[in-house]
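Enquirer: Provided below are the primary sequence and the corresponding predicted coordinates.
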Amino acid sequence: MAIGRMYIDGQWVESHTGNTREIINPFNQEVIATVTEGDEKDSQLAIQAARKAFDKGDWATTPASERGAIIQKVADFIRRDKEELAKLESLDTGKTIIESYADMDDIANVFQYFAGLADKNGGEVIQSPIPDSESRVVREPVGVCGQISPWNYPLLQASWKLAPALVAGNTLVAKPSEITPLTTIKVFELMEEAGVPKGVANLVLGPGNTVGAELSTSLDVDLISFTGGIETGKKIMQAASVNVKKVALELGGKNPNIIFADADFDTAVDQALNAVFFHAGQVCSAGSRLLVEESIHDRFVEAVVNQAKKIKLGNGFEEGTQSGPLISAEHREKVESFVQIGIEEGAELVLGGKRPEDPKLQNGFFYEPTIFINCISDMRIVQEEVFGPVLTIEKFNSAEEVIEKANDTIYGLAGAVWSTDIEKAETVASKLRMGTVWINDFHPYFPQAPWGGFKQSGFGRELGHIGLEEYTEVKHIFRNKKPQPAGWFV
Ligand SMILES: NC(=O)c1ccc[n+]([C@@H]2O[C@H](COP(=O)([O-])OP(=O)(O)OC[C@H]3O[C@@H](n4cnc5c(N)ncnc54)[C@H](O)[C@@H]3O)[C@@H](O)[C@H]2O)c1
Ligand SMILES: C[N+](C)(C)CC=O
């Protein structure tokens, strides 16, 4: 089996130590690949390559339309190699192959969207108040970007960073999660094939506390974009202060899903399941906190529990599988410890709360869909991100009450409101302190709309034209057409 390598300064290389890591399929714990394992020194080499390419290379001054054309090729190659990429993603994460196909479509669309935006920002001429002068605002690349991504949507989250950084003329060093690097390695091959110049896009592999930490502490990195957990985000923000680098943080969520009594009942039940149990709940925007109006609460809970009992766990490559395993043994233990906390806090466990007994699932990191009722807002199981298939359910009696409850969280990533009274739904949506609010839906995201959090879910935005602007510096150029002495010091 060939070793997955890093891509530094246009070369596929192994780490300077020669260390490697085995990549495991979470469905059956089989080794699916071996990759090189870097450390700080490998990160430094990649940063130096990106620094040199930015300071001495042509990428930043290449016409934006040419950069866009290269990124469009990456989109085309992702579509061409979709099957291989999707298979790798499912092997690496355990997610169903249907989800991976959808992810690859989304990823190709992301590269295509930013390719199309590449040459659309021609700057702005502003009305100067000073006679005989010209005032222009232009956008320039930030410089060297460090990009750190998580394991739950490995290539999707990386693509939200790679595509805008490159079309804006930056150089970069990307670090995927050490446990799910395979599709990112493959996309670096596609970027090489598309003609991204040597040194512009670099890939390092290895753990966060060495390879990743070097990206946030290096004086040669100008921007760090991070997607991952809140505690890691705090460390990165602190480390980034060494050279006041620009920081973008896409962190976790504990996302309220609000069901009013006048919602379309069956659709809201179906979508409540999708909101929380999709990808075994390992979604930053999972609707893991369900708030149901009291008058329909008992009927709604009964319907959700009955449907959740039928969720088919299994091999993501088998037809009919609706959900795969959790990512690792360690992560499953974390989910189990949260369920224990919920029980100790007095939440009532009405479904799951254990590993499945099916003999076919014993080698995977599976956990049953789990539901708690009689939850109250200040329980840890309601407040903290479990990142697994665990739903908490609370009751409410008025729009005011549910707005207060939904906002009573340190997070602010996403939320949803279900009601046929659109005025009421819009009022609630306008009061929720979250980066994305869905009305009568859950989960949609697409390249045209920005994504990001309020409060401790982070700051900065990915996707949309704002997602491109994050990778630019704004410069004002003022030109005096008739220079005169100032006459101040005569
Ligand atoms: N807001 C979003 O859009 C979004 C999207 C996906 C995932 N997430 C969040 O990601 C989390 C799950 O991902 P995870 O478990 O991989 O997160 P994590 O924070 O453990 O790791 C994320 C990445 O950071 C690296 N890392 C770890 N320690 C580091 C350090 N000290 N310095 C630099 N890098 C370091 C890891 O190696 C990995 O590549 C959840 O909280 C989820 O909500 C958020
Ligand atoms: C941002 N999203 C929803 C694609 C993945 C979050 O984990």
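Expert: It's in. Ligands and ions are numbered 1, 2, ... in the order given.

Enquirer: what does stretch 119-137 rub up against?
Expert: Residues from elsewhere that reach stretch 119-137 (CB atoms under 8 Å, 6 or more residues apart in numbering): 63-65, 68, 138-139, 465, 468, 472, 474-482. The C-beta positions use only the backbone N, C-alpha and C, and glycine is treated the same way.

Enquirer: buried ones among those?
Expert: Buried members of the contacts of stretch 119-137, counted by 16 or more other CB atoms under 10 Å: A64, G68, R139, L468, T472.

Enquirer: flag every buried residue along stretch 455-472.
Expert: Quick answer for stretch 455-472 (16+ other CB under 10 Å): 455-464, 467-472.

Enquirer: from those, which ones fall inside helices?
Expert: Among the buried residues of stretch 455-472, the residues falling in helices (DSSP state H) are G464, G467, L468, E469.

Enquirer: save the residues you listed as a markdown table, and put in pLDDT and distance to ligand 1 too.
Expert: Formatted as a markdown table, these follow (pLDDT from 0 to 100; distance: CB to the nearest ligand atom, whole Å):
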| residue | pLDDT | distance to ligand 1 |
| --- | --- | --- |
| G464 | 98 | 13 |
| G467 | 98 | 11 |
| L468 | 98 | 17 |
| E469 | 97 | 18 |
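
Enquirer: ok so, going back, for ligand 2, state which of the buried residues of stretch 455-472 is nearest.
Expert: E462 (8.3 Å; CB to the nearest ligand atom).

Enquirer: tell me the bridge partners for the closest one.
Expert: Under the criterion DSSP bridges, E462 forms beta bridges with W451.

Enquirer: could you pull up phi and psi at T34?
Expert: phi -120, psi 130 (degrees, to the nearest 10).

Enquirer: kindly provide the distance from it to ligand 1.
Expert: Separation of T34 from ligand 1 (CB to the nearest ligand atom, to the nearest Å): 18 Å.

Enquirer: so, in contact with ligand 1 or not, stretch 199-210?
Expert: Yes - Stretch 199-210 is in contact with ligand 1 by CB under 6 Å from any ligand atom, via P207, G208, N209.

Enquirer: gap between the two ends of that stretch?
Expert: 21 Å (CA to CA, to the nearest Å).

Enquirer: do me a favour and average the pLDDT over it.
Expert: For stretch 199-210, mean pLDDT rounds to 98.

Enquirer: return the set of buried residues in that stretch.
Expert: In stretch 199-210, counting by 16+ other CB under 10 Å, buried: G199, V200, A201, N202, L203, V204, L205, G206, P207, G208, T210.

Enquirer: please see if the longest helix anywhere in the chain touches ligand 2.
Expert: Secondary structure assigned by DSSP H gives helix 97-117 as the longest helix of the chain. No - in terms of CB under 6 Å from any ligand atom, no part of helix 97-117 sits within range of ligand 2; the closest distance is 7.8 Å.

Enquirer: so does that helix get close to ligand 1?
Expert: No - Helix 97-117 lies apart from ligand 1 when judged by CB under 6 Å from any ligand atom; the minimum separation is 12.1 Å.

Enquirer: contacts for that helix?
Expert: 68-69, 71-72, 74-76, 78-79, 82, 85-87, 89-90, 93, 95, 153, 155-156, 159-160, 162-164, 166-167, 278-279, 316-317, 446-448, 463, 465, 467-468.

Enquirer: got the residues of the stretch 101-250 of the chain near ligand 2?
Expert: N152, Y153, L156.

Enquirer: all strands of the stretch 251-400 of the chain, in order?
Expert: 256-259, 289-293, 348-351, 370-373, 390-396 (DSSP state E, counting those that start in this stretch).

Enquirer: ok, and the closest non-adjacent residue to T184?
Expert: Spatial nearest neighbour of T184, excluding adjacent residues (CB to CB, 6 or more residues apart in numbering): P176 at 4.0 Å.

Enquirer: is it true that that neighbour touches Y153?
Expert: No - using CB atoms under 8 Å, P176 is not in contact with Y153; the gap is 10.9 Å.
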